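1. Sharing a model prediction with you, sequence too.
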Amino acid sequence: MVLDAALLAGCILLKNGAEIFRVEETIYRICHYYGVYSCSVFTLTNGIFLTAGDITEPYFAKVKHLPVGGSHLGRVAAVNQLSREIEQGKYTIEEVMEQLEEIQKIPNKSNHARLIASGFGCGAFCILFQGGLFDCITAFLAGILYYIFRLYIDRGNMSKITSNLFGGMIITIICLISYHFQFGNNLYGMVAGSIMPLVPGVPFTNSIRDFADGDYISGAVRMLDAILVFFSIAIGMGFIFLFYHYVMGGAIL
């Protein structure tokens with residue numbers, strides 16, 4: 001049960017955007033606290049290999065595949081706190097399993113909260129890119145409409161490349177319409193602020209951290225995943241800008 005609990009904790013961390021070193025360190029801490037010193041863990045971006053056993057301990061081996069997905073830093077923080085409390089002797093292994101199952105049930109933010117956060121985030125970033133009042137309003141609307149597409153049309157059924165390609169197209173269309181009718185004057189600020197919900201900040205940051213820690217395979221996978229997202233967004237935006245330039249006669253950024 002100790003190894004099952006350690007593996008479950010590692011899976012929760014990895015699935016929700018934690019770094020490789022954090023996953024492995026948590027697994028080792030749980031195993032060592034409960035007396036399993038023969039464990040060996042190898043973690044990739046989408047999988048955990050855990051083995052244990054020697055002449056004094058029974059053999060155990062398990063592989064867990066985890067598809068590359070989104071992140072939920074609230075669950076990561078909850079597992080980190082749990083690992084600290086385990087080392088303080090607050091839980092039996094059965095209670096640890098119960099706590100981990102509860103952490104898995106931590107809900108995501110409501111759709112309405114995501115919509116509002118996306119809108120205000122885009123508007124705030126537009127301010128950072130020297131956008132005016134109407135530019136920020138356009139970015140706010142673009143952020144909300146993009147998340148409407150993501151939550152109610154995409155629904156996770158599209159591939160990541162397709163979803164981000166269409167997301168870049170939608171945001172660019174909204175910003176160009178606003179700019180064309182002179183509702184906003186800073187096209188660069190509107191577009192740059194509006195694409196922030198699409199930017200894979202957590203995977204890109206974690207890839208750099210993995211490289212720094214010597215986890216080159218995981219760092220390369222996460223970096224490649226982030227680069228594919230960047231290219232998908234750029235292709236979607238570029239197509240709309242070219243269409244606007246050659247068909248409507250508008251200027252390109």
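-> Ah, there it is.
2. Gly35 falls within a helix, correct?
-> No: assessed with DSSP: H, G, I helix; E, B strand; the rest coil, Gly35 is coil; it does not lie in a helix.
3. Enumerate every residue touching the closest residue to Phe183 other than its chain neighbours.
-> Spatial nearest neighbour of Phe183, chain neighbours left out: Phe134 (5.2 Å); criterion: C-beta to C-beta, 6 or more residues apart in numbering. For the C-beta atoms, the positions are set from N, CA and C on the backbone; glycine is no exception. Counting by C-beta atoms under 8 Å, 6 or more residues apart in numbering, Phe134 makes contact with Ser178, Phe183, Gly184, Asn185.
4. ok, the first one - contacts?
-> The one in question is Ser178. Counting by C-beta under 8 Å, 6+ apart, Ser178 makes contact with Phe134, Thr138, Gly184, Met190.
5. any idea how far Met237 is from the residue nearest to Phe183?
-> From Phe134 across to Met237, the span is 21 Å (C-beta to C-beta, to the nearest Å).
6. Quick one: the strands in the stretch 1-150 of the chain, in order.
-> 40-44, 47-52, 60-65 (DSSP state E, counting those that start in this stretch).
7. Tell me, how many residues neighbour Phe239?
-> Phe239 has 14 neighbours, counted by other C-beta atoms under 10 Å.
8. Wait, it touches Met169, no?
-> Yes: using C-beta atoms under 8 Å, Phe239 is in contact with Met169, at 6.5 Å.
9. quick one: low-confidence parts of the stretch 51-200 of the chain?
-> 68-69 (pLDDT under 70).
10. picking up where we left off before, can you list the contacts of Phe134 in CSV and add distance to Arg155 and secondary structure?
-> Converted to CSV, these look like this (distance: C-beta to C-beta, whole Å; DSSP: H, G, I helix; E, B strand; the rest coil):
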residue, distance to Arg155, secondary structure
Ser178, 27, helix
Phe183, 30, coil
Gly184, 30, coil
Asn185, 35, coil
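11. By neighbours, which of those residues wins?
-> With neighbours defined as other C-beta under 10 Å, the most crowded of the contacts of Phe134 is Gly184; it has 23 neighbours.
12. now the helices for the stretch 1-150 of the chain?
-> With DSSP state H, counting those that start in this stretch as the criterion, the stretch 1-150 of the chain has helices at 2-15, 20-33, 73-87, 93-104, 111-128, 133-148.
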